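Asks: the sequence isn't on hand, but the structure is:
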Ligand SMILES: *Cc1c(COP(=O)(O)O)cnc(C)c1O
């Protein structure tokens, strides 16, 4: 760790970081400062190499600095960074998303996942003329006021704001309910927002019937169903979680992967719902850098390289890593659960499966993850610096990398 750089960072940036989890608060110690990254690896400013399972929280599914993505961005940059006028690549990206996600008709590109979910809430309210939003405890939907209630790692108390500075009125219309249980919806509900596979309280897959039940409950009262696929979109499979699980929401939020490592996210959905957005309809949304030429170039370059074969390969790697880690933990006599969904895996130090936020908090509150995290980091493996995150193997992680991870985990546990 570079103590001088960390001291300078803490002096000039609140907490030394530009996104809280990076500060290592829940795992202890000071963060490594990244100098560069390539494939499955990052190097810190002192030249130490880490096998990286953070991959920008899933944004880099190909691994870091993929040559074709780098070249696409380089070429785009030479043509200008941003214009404030429409471009062909925005159309291509929207078409690509529409063509891969079943039931999706239209796409509005924004810059962050937070903007996508915030806009989803506004669209749901504008479309239905209602105010109430239902979210699930432990699901994270970015940091807009209305969705900062029981939002993954930070927050515990039901229905209270998850942050200072969020007035009670801002979450007064947000109802927080337990994951994996279909709530009874009132006729005042504008929308239900959910991570179809929860990946911000560790990995918690939906139980059979949960998403189908939500779809039916929304239909019964005329509420919109919003799938926040900022992590799962183009990650768990070619069409994301909705296509894989066969449940169709009215709106989708995408992010992370579709920007190829640059700031880009999207709200997508049914035509009649999306048409409430300005300039067609009365729901306002805008962005100076929305559809940025570099970001669309990176996103398109990534999506072009993702096909059925790449997902099958990555899912195989994820399953192999889960299997090997489970073996290592069992040998060491450490109670651990390693849920897998498609290409994603989680790690809970718990002796029974986790189905909701309550279970996740019990599994994440015992300090075991922090010890394991530090022992792995010392051995050159970077896991996410918080127990509520998941592991993001990339297409650059070889079988060898996966096996080495398990060997290093064995050493770490010893
Ligand atoms: C990361 C994430 C967001 C927020 O995206 P940002 O680009 O960080 O604003 C929203 N929803 C989910 C499910 C996420 O994982």
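Replies: On my side now, so go ahead. This structure is a prediction, so every number in the text was calculated from the model and none was measured. Numbering: from 1, shown residues only.
Asks: which one is whatever residue of the stretch 51-200 of the chain ends up closest to the ligand nearest to, not counting chain neighbours?
Replies: Nearest residue of the stretch 51-200 of the chain to the ligand, counting by CB to the nearest ligand atom: residue 113, 2.1 Å away. (Glycine included, C-beta is placed from N, CA and C.) Computed as CB to CB, 6 or more residues apart in numbering, the closest residue to residue 113 that is not its neighbour in sequence is residue 255, at 3.4 Å.
Asks: pull the contacting residues for the one you found.
Replies: Neighbour list for residue 255: 112, 113, 116, 230, 231, 233, 264, 265, 266 [criterion: CB atoms under 8 Å, 6 or more residues apart in numbering].
Asks: return the member of those residues nearest to residue 103.
Replies: residue 233 (13.3 Å; CB to CB).
Asks: and the top helix by length along the chain, what other elements does it pack with?
Replies: Looking across the chain with DSSP state H, the single longest helix is helix 308-332. Here helix 308-332 touches strand 340-341, strand 344-345, helix 399-413, going by 3 or more CB pairs under 8 Å, 6 or more residues apart in numbering; DSSP states H and E.
Asks: quick one, that helix and helix 399-413 angle?
Replies: 20 degrees (axes from the mean of the first three to the mean of the last three CA atoms, to 10 degrees).
Asks: buried ones in helix 308-332, by neighbour count?
Replies: By neighbour count on 16 or more other CB atoms under 10 Å, the buried set for helix 308-332 is 311, 314, 315, 317, 318, 320, 321, 322, 324, 325, 328, 329.
Asks: which outside residues touch it?
Replies: In contact with helix 308-332 (CB under 8 Å, 6+ apart) are residues 61, 237-238, 335-336, 338-340, 342-345, 347, 391, 393-395, 397, 399, 402-403, 405-406, 409-410, 413-414.
Asks: now the residues you listed: which count as buried?
Replies: Buried among the contacts of helix 308-332 by 16+ other CB under 10 Å: 61, 237, 336, 338-340, 342-345, 347, 391, 393-395, 397, 402, 405-406, 409-410, 413.
Asks: count of residues packed around residue 148?
Replies: 23 (other CB atoms under 10 Å).
Asks: can I assume it is in contact with residue 163?
Replies: Yes - counting by CB atoms under 8 Å, residue 148 touches residue 163, with 5.0 Å between them.
Asks: element containing residue 200, please.
Replies: When elements are assigned from DSSP states H and E, residue 200 belongs to no helix and no strand.
Asks: these two touch, right, it and residue 231?
Replies: Yes - Residue 200 is within contact range of residue 231, at 7.5 Å (criterion: CB under 8 Å).
Asks: residues touching residue 144, list them.
Replies: Shown in contact with residue 144 (CB under 8 Å, 6+ apart): 114, 117, 118, 121.
Asks: please, which helix or strand holds the first one?
Replies: Using DSSP H and E, the element containing residue 114 is helix 113-128.
Asks: got the angle between the helix or strand just after that helix and helix 113-128?
Replies: Once the chain leaves helix 113-128, the next helix or strand it forms, by DSSP H and E, is strand 132-136. Angle, strand 132-136 to helix 113-128, by the same axes, to 10 degrees: 140 degrees.
Asks: what's the offset of strand 132-136 from the middle of its chain?
Replies: Its chain's C-alpha centre and that of strand 132-136 lie 19 Å apart, by CA atoms, centre = their mean, to the nearest Å.
Asks: tell me the mean pLDDT for it?
Replies: The average pLDDT for strand 132-136 rounds to 96.
Asks: any bit of that strand sitting next to the ligand?
Replies: No - in terms of CB under 6 Å from any ligand atom, no part of strand 132-136 sits within range of the ligand; the closest distance is 11.0 Å.
Asks: checking my notes, residue 267 in a strand, right?
Replies: Yes - the assignment for residue 267 is a strand, going by DSSP: H, G, I helix; E, B strand; the rest coil.
Asks: what pLDDT does the model give it?
Replies: Looking at residue 267, its pLDDT reads 98.
Asks: how about residue 150?
Replies: As predicted, residue 150 sits at a pLDDT of 66.
Asks: what's the answer for residue 86, then?
Replies: pLDDT at residue 86 comes out at 98.
Asks: swap in residue 1?
Replies: 60.
Asks: can you mark which positions in the worst-scoring helix or strand of the chain on mean pLDDT are buried?
Replies: The weakest-scoring helix or strand in the chain, judged by mean pLDDT, DSSP states H and E, is helix 168-171 (a mean of 88). Buried residues in helix 168-171, counted by 16+ other CB under 10 Å: 170, 171.
Asks: show me which residues of stretch 43-55 are buried.
Replies: 43, 44, 50, 51, 52, 53, 54, 55.
Asks: need the residues of the stretch 51-200 of the chain near the ligand, please.
Replies: Going by CB under 6 Å from any ligand atom, the residues of the stretch 51-200 of the chain near the ligand are 112, 113, 114, 117, 140, 141, 142, 195, 200.
Asks: mind listing what the third one touches?
Replies: I take that to be residue 114. 141, 142, 143, 144.
Asks: swap in 7 Å and give it another go.
Replies: Residue 114 is in contact with 142, 143, 144, counting by CB atoms under 7 Å, 6 or more residues apart in numbering.
Asks: ok so, going back, now the residues of the stretch 51-200 of the chain next to the ligand in TSV, with pLDDT?
Replies: Below are these laid out as TSV (pLDDT from 0 to 100):
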residue	pLDDT
112	98
113	98
114	98
117	98
140	95
141	96
142	95
195	98
200	95
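Asks: returning to that earlier point: what angle do the helix holding residue 114 and strand 265-269 make?
Replies: On the basis of the same axes, to 10 degrees, helix 113-128 is oriented at 20 degrees to strand 265-269.
Asks: how far does helix 113-128 sit from its chain's centre?
Replies: With CA atoms, centre = their mean, you get 17 Å for helix 113-128.
Asks: now stretch 141-152
Replies: That offset, for stretch 141-152, works out to 13 Å (CA atoms, centre = their mean).
Asks: shift numbering so it begins at 75
Replies: Yep, numbering from 75; the last one is stretch 215-226 now.
Asks: pull out the buried positions in the host helix or strand of residue 449.
Replies: In the assignment (DSSP H and E), residue 449 maps to helix 442-452. The neighbour-count check on helix 442-452 (16+ other CB under 10 Å) flags 442, 443, 444, 446, 447, 448, 449, 450, 451 as buried.
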